[in-house]
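Participant: I'll drop the sequence and a predicted model, then ask my questions.
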Number of protein chains: 2
Amino acid sequence: MLGQMQKTPLLVNGILDYAALYHGEREIISRLVEGEIHRETYAQAHLRARKLSQSLLKLGLTQGDIIATLAWNTHRHLESWYAITGIGAVYHTLNPRLFAEQLVYIINHAADKFIITDLTFVPLLEAIADKLPTVKGFIIMTDEAHMPQTKLDPVYCFESLIEAENGDFDWVALDENAACGICYTSGTTGQPKGVVYSHRSNVIHTLVANGADVFALTSRATILPVVPMFHANSWGIAFAAPMVGAKMVLPGPKMDGESLYELLDKEKVTMSAAVPTIWLMLLQHLEAHKLSLPHLQRVLIGGAAVPRMMIEKFEKDYKVEVDHAWGMTETSPLGTVCTLKAGMENYSFEEKMQTKLKQGRPPYLIWLKITDPDGKTLPRDGKTFGNLKIKGPFILETYLREENEIVLDEEGFFDTGDIATIDPEGYMQITDRAKDIVKSGGEWISSIEIENIAVGHADIAEAAIIGIAHPKWGERPLLIVLPREGVDISTPEKVQKDILAYLEGKIAKWWMPDDIVFVDSMPHTAAGKIQKTALREQFKDYQWPPAILADDKGE
Amino acid sequence: MLGQMQKTPLLVNGILDYAALYHGEREIISRLVEGEIHRETYAQAHLRARKLSQSLLKLGLTQGDIIATLAWNTHRHLESWYAITGIGAVYHTLNPRLFAEQLVYIINHAADKFIITDLTFVPLLEAIADKLPTVKGFIIMTDEAHMPQTKLDPVYCFESLIEAENGDFDWVALDENAACGICYTSGTTGQPKGVVYSHRSNVIHTLVANGADVFALTSRATILPVVPMFHANSWGIAFAAPMVGAKMVLPGPKMDGESLYELLDKEKVTMSAAVPTIWLMLLQHLEAHKLSLPHLQRVLIGGAAVPRMMIEKFEKDYKVEVDHAWGMTETSPLGTVCTLKAGMENYSFEEKMQTKLKQGRPPYLIWLKITDPDGKTLPRDGKTFGNLKIKGPFILETYLREENEIVLDEEGFFDTGDIATIDPEGYMQITDRAKDIVKSGGEWISSIEIENIAVGHADIAEAAIIGIAHPKWGERPLLIVLPREGVDISTPEKVQKDILAYLEGKIAKWWMPDDIVFVDSMPHTAAGKIQKTALREQFKDYQWPPAILADDKGE
């Protein structure tokens, strides 16, 4: 027996129709790459997106085509997404921070038909254009006055395309399972892989994200998504904000503390979302200039673990609530948000902090589990850590052009590649990336946890733990240290001893690094994380001191 | 090209799994029909529901069967819903306020297989049991100690069924479009009609309802749904509360002011939902006993227009926010909620009131329009009123066993039978039921608006407007008045003149009733509304005075 309700497909384009109809005067503010601040309304964005849809059709693009965007967060980028999906085509966000050869690989692998780009990235595209056989044209997101001299060919001016149309266009009808957008994982090892969101998965993700216990966006909110639209589906904000008619403030290319503060203050932003690095820059700017944040109520922080200091500063000094969150490209990206549960309002600040340092709990429709290497589910005791796996209607099933590769386990869960704990209240905490964990005698040692404690030592600028083969234990942790400027390591034994003394009591005895080495510089990924693959290469010939090789760990 | 995300079906039973896993200690409090207050947790409800599922299977019930419930809001009723849907069967809520012959019609029309009932309704069922050929058994929601002597046969004790099972049961796998629940419209004319919710429509409805700009339920909330589970799908609260882990307080059979106040106070309820009549009783109780509502933050009021006085009292005297809402059985039932939009926080109290008196705006996924009798869309100017039509994934497509009857218009909208305005901000206001509107010379006169003003006259207890045929104007309004006790109507002309003078200037000249008649009593429906069908029957031979027949309305 079937239900007898309407078979309305869940499509993202209705979101912009809704924003224009119910919140038509609400603004989208953008800092353009050309420099100025641009203001428009949802009604205007709605009209412009439909005009751009008309243009895309005239350029020969059609349903199912993949159209790439290489752009910062601006109204034009937002309009592009809706224009692309409105003709049934698929947006594909390119991350400009990738190396040129990675971009070439991704564009060819997805077989992008067109690239819509910011002025900023024209030179980057010119350098690789002749390696992109599937790309039939380029649209530069600017007006005629700012169009550059370029060898990109054929090339079109975004504003001129829009001006030429009348907007008399209805979004094409689609199945809700049609592809909507693509984002590639950056993949520190192997080639990047494409995640293909459907209209259905994006709409369900947005409904969940807008829950009062999740992002809690309302029509009265003003949100500044610092997180780029090319980063994990913009954390869903490009859909979440118009779905409730929240005012959007888009930072364009400028994400430094001063530029962000200017927008937060002038536009009276109530909520923002970014990775910790961005907030560190903002906090430094606020402190240096003795500024306050009277309008900002909440910041959503994800992409990396939020340091305790950051939560303390935001909540105590600036009265801004921090919501720690976790997700990944494969999860649309919302996995967990750390909002407090009933009863926790009576927690002491320290108790709240112990919860807030965790990545949070999943909203309904998301299921998490942690497993041992054999796939056996592990207890939710807040201590046992295992491979974090996730399931739900906006979680990846297969990667683009790898439809036959099974990446889910028998229960339908996707392995995140993270190692985590889940506590009895359901709060999840990432302890490591699976490939970075040190496996010592069948037990796991969290590299992240040791690193986070080690950087608290006054002499250490950056710290990394890697596992080094050990004949008895399989692997043991080696601590690699970049000392702060001016620190004297002429007698390394003295500094090593001091660091070990600092770690003692803060981590389990058997987690203690067996050796500490000093480096002049630390390798980083494009995203600013320590590049452990490079460290492993650098230390592939490292040999434990003989005493360590003989160590029986108290057996 | 298709998306490559997981094909997880949207099913309601996962909601209770989630509540048990993440909010297992959170409570469900019930006032039982046996008298006492019962407390259990989501974890317990989850176990009991699965045990009941096992029982239902052993009683021979299976996927696709329709199982009726005739019960107040208690934990047992809630468990029944999840137990029924958990075996793929369909819950069918029976409204105990219906007349016996209507219940017989509905049970036979749905072909209910079993009836799960509260003790209260055993006599009612005994009286009709021999007219219910499809019903194979009855379950009484009580324990062995309270089992009544009854001729219902076969009959089972709810608690004994649960005690006999171990709960080792997984909800059956289902297509998300499978039927989930049925609720009949009460239908003042013609036979009641069955609305069949799917798992998909109920889950999407719940996600939308839990939006921060809609019900805004969180895990920290305590909600008391006074609105019965047999009334329009319990306004979705039976799914919305467990989906976020909100504490539930279920009032059982007692909805009087004193009983509700006791629960609101003792259980520190933060949000509640009911029709205006219920709130009137509560407000009277609060005033009579000089009580306050320190915990309650919001009340959701729907089912009938909220009087201005009620909003004023709640918001000014008790500091409780009123959210006016509108929906119907056919809309799952959420149609609109009157939450304020950006900028309105700066409105004066009077400006806010003018918005709050409206039924509100739809959340995303719901589309509204008003049309003229030819189906042409009318402007959203806040003045023009037309037939209110609605569309979306949790709006009815066809009625049960009427799959071939087309009830949607060409654009897929369902005609609500209401007449409404929509203002430029998108706020909808119901002005009348379509069948009650008076059609005068091609223009429409709102019976509700005149009635609401007329009852402000000191001599009037109840007032009803019906349209009476008029040779020139088609119809003209007749005002039917039940005078307050003690009012002297021995010279009716005097009172009539006084009432007309009172109306003058408050409504348009051409809306003025052409005659006023007095009655000794007013007919009411089971839901307490004035029964206009009975009035129309009573006044079917009414003749306008000759002067009115000749009136040319100033032409």
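Facilitator: Sure thing, it's come through. Numbering: from 1, shown residues only, chains lettered A, B, ... in the order given.
Participant: how about the nearest residue to residue A:156, chain neighbours excluded?
Facilitator: residue A:139 (4.7 Å; CB to CB, 6 or more residues apart in numbering or on different chains). C-betas here are computed from N, CA, C, even on glycine.
Participant: What is the burial count for residue A:163?
Facilitator: Residue A:163 has 13 neighbours, counted by other CB atoms under 10 Å in any protein chain shown.
Participant: thought residue A:525 was touching residue A:535?
Facilitator: No - with the criterion set as CB atoms under 8 Å, residue A:525 and residue A:535 do not qualify as a contacting pair; they are 11.5 Å apart.
Participant: circling back to that earlier point, which other helices and strands does the one helix or strand the residue nearest to residue A:156 maps to contact?
Facilitator: Residue A:139 is part of strand A:137-140, with elements assigned from DSSP states H and E. With contacts defined as 3 or more CB pairs under 8 Å, 6 or more residues apart in numbering or on different chains; DSSP states H and E, the secondary structure elements packing on strand A:137-140 are strand A:114-117, strand A:155-157, helix A:158-163.
Participant: Let me have these in CSV, extended by mean pLDDT.
Facilitator: Conversion of the helices and strands packed on strand A:137-140 to CSV gives the following (pLDDT from 0 to 100):
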stretch, mean pLDDT
strand A:114-117, 98
strand A:155-157, 98
helix A:158-163, 98
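Participant: Please tell me I have it right and residue A:394 contacts residue A:204.
Facilitator: Yes - contact status for residue A:394 versus residue A:204: in contact at 5.6 Å, counting by CB under 8 Å.
Participant: In the stretch 1-150 of chain A, what residue spans correspond to strands?
Facilitator: Assigned by DSSP state E, counting those that start in this stretch, the strands in the stretch 1-150 of chain A fall at A:27-31, A:37-41, A:66-70, A:90-93, A:114-117, A:137-140.
Participant: what's the spacing between the last one and its chain's center?
Facilitator: Going back to what we said before, that points to strand A:137-140. With CA atoms, centre = their mean, to the nearest Å as the basis, strand A:137-140 stands 26 Å off its chain's centre.
Participant: And for stretch A:514-529?
Facilitator: Between the mean C-alpha point of stretch A:514-529 and the mean C-alpha point of its chain there is a distance of 22 Å (CA atoms, centre = their mean).
Participant: I would like the residues contacting that stretch, please.
Facilitator: Stretch A:514-529 is touched from outside by A:95, A:97-99, A:186, A:188, A:277, A:304, A:462, A:464, A:470, A:476-483, A:489, A:492, A:495-496, A:499-500, A:530-531, A:534-535, A:538-539, A:542, A:544-545, A:548, A:551, with contacts defined as CB atoms under 8 Å, 6 or more residues apart in numbering or on different chains.
Participant: Checking my notes, residue A:304 in a strand, right?
Facilitator: No - if the criterion is DSSP: H, G, I helix; E, B strand; the rest coil, then residue A:304 is coil and not within a strand.
Participant: gap between the two ends of stretch A:152-166?
Facilitator: Looking at stretch A:152-166, the gap from its leading to its trailing residue is 27 Å under the measure CA to CA, to the nearest Å.
Participant: buried stuff in it?
Facilitator: Judged by neighbour count (16 or more other CB atoms under 10 Å in any protein chain shown), stretch A:152-166 contains these buried residues: A:152, A:155-159, A:161-162, A:165.
Participant: Export those to a markdown table and append columns for distance to residue A:111.
Facilitator: Compiled in a markdown table, the buried residues of stretch A:152-166 are given as follows (distance: CB to CB, whole Å):
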| residue | distance to residue A:111 |
| --- | --- |
| A:152 | 18 |
| A:155 | 20 |
| A:156 | 20 |
| A:157 | 25 |
| A:158 | 23 |
| A:159 | 28 |
| A:161 | 22 |
| A:162 | 26 |
| A:165 | 26 |
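Participant: Does residue A:502 touch residue A:457 like I think?
Facilitator: Yes - under the criterion of CB under 8 Å, residue A:502 is in contact with residue A:457, at a separation of 4.9 Å.
Participant: related to what we said a few turns ago, just put the helices and strands packed on strand A:137-140 in JSON lines and tack on distance to residue B:359.
Facilitator: Listed next are the helices and strands packed on strand A:137-140 as JSON lines, based on distance: least, CB to CB, whole Å:
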{"stretch": "strand A:114-117", "distance to residue B:359": "42"}
{"stretch": "strand A:155-157", "distance to residue B:359": "46"}
{"stretch": "helix A:158-163", "distance to residue B:359": "38"}
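Participant: Could you find the closest non-adjacent residue to residue A:284?
Facilitator: Leaving out its chain neighbours, residue A:284 is closest to residue A:257 (CB to CB, 6+ apart), at 5.9 Å.
Participant: lowest average confidence, helix or strand, in chain A?
Facilitator: Of the helices and strands making up chain A, the lowest-confidence element is helix A:546-550, at a mean of 83, by mean pLDDT, DSSP states H and E.
Participant: How many residues are close by residue A:462?
Facilitator: If you count neighbours by other CB under 10 Å, residue A:462 ends up with 17.
Participant: what residues does the stretch 301-450 of chain A put near chain B?
Facilitator: Applying CB under 8 Å from any CB of the partner chain, one finds that the stretch 301-450 of chain A approaches chain B through A:332, A:339-342, A:345, A:361-362, A:364-365, A:391-400, A:403, A:408, A:412, A:414, A:425-426.
Participant: how does it look with 7 Å?
Facilitator: Where proximity means CB under 7 Å from any CB of the partner chain, the interface of the stretch 301-450 of chain A facing chain B comprises A:341-342, A:345, A:361, A:364, A:391-398, A:400, A:412, A:426.
Participant: same deal with the stretch 1-150 of chain A?
Facilitator: A:1-8, A:10, A:15, A:18, A:21-22, A:26, A:64, A:90.
Participant: who's in contact with the strand holding residue A:139?
Facilitator: Contact partners of strand A:137-140, identified using CB atoms under 7 Å, 6 or more residues apart in numbering or on different chains, comprise A:59, A:114-117, A:119, A:122, A:125, A:147, A:152, A:154-158, A:161.
Participant: out of those residues, what pair is the most spread apart?
Facilitator: For those, the farthest-apart pair by CB to CB is A:59 and A:119; their separation is 19.6 Å.
Participant: buried set for the least confident helix or strand of chain A?
Facilitator: Of the residues in helix A:546-550, residue A:548 count as buried by neighbour count, 16+ other CB under 10 Å.
Participant: thought residue A:295 was touching residue A:268?
Facilitator: Yes - because the distance of 4.3 Å satisfies CB atoms under 7 Å, residue A:295 is recorded as touching residue A:268.
Participant: any idea how far chain B is from the residue nearest to residue A:284?
Facilitator: Using CB to the nearest CB, to the nearest Å, residue A:257 is found at 27 Å from chain B.
Participant: In contact with that residue, which residues?
Facilitator: For residue A:257, the residues meeting the contact criterion (CB under 7 Å, 6+ apart) are A:281-282, A:284-285.
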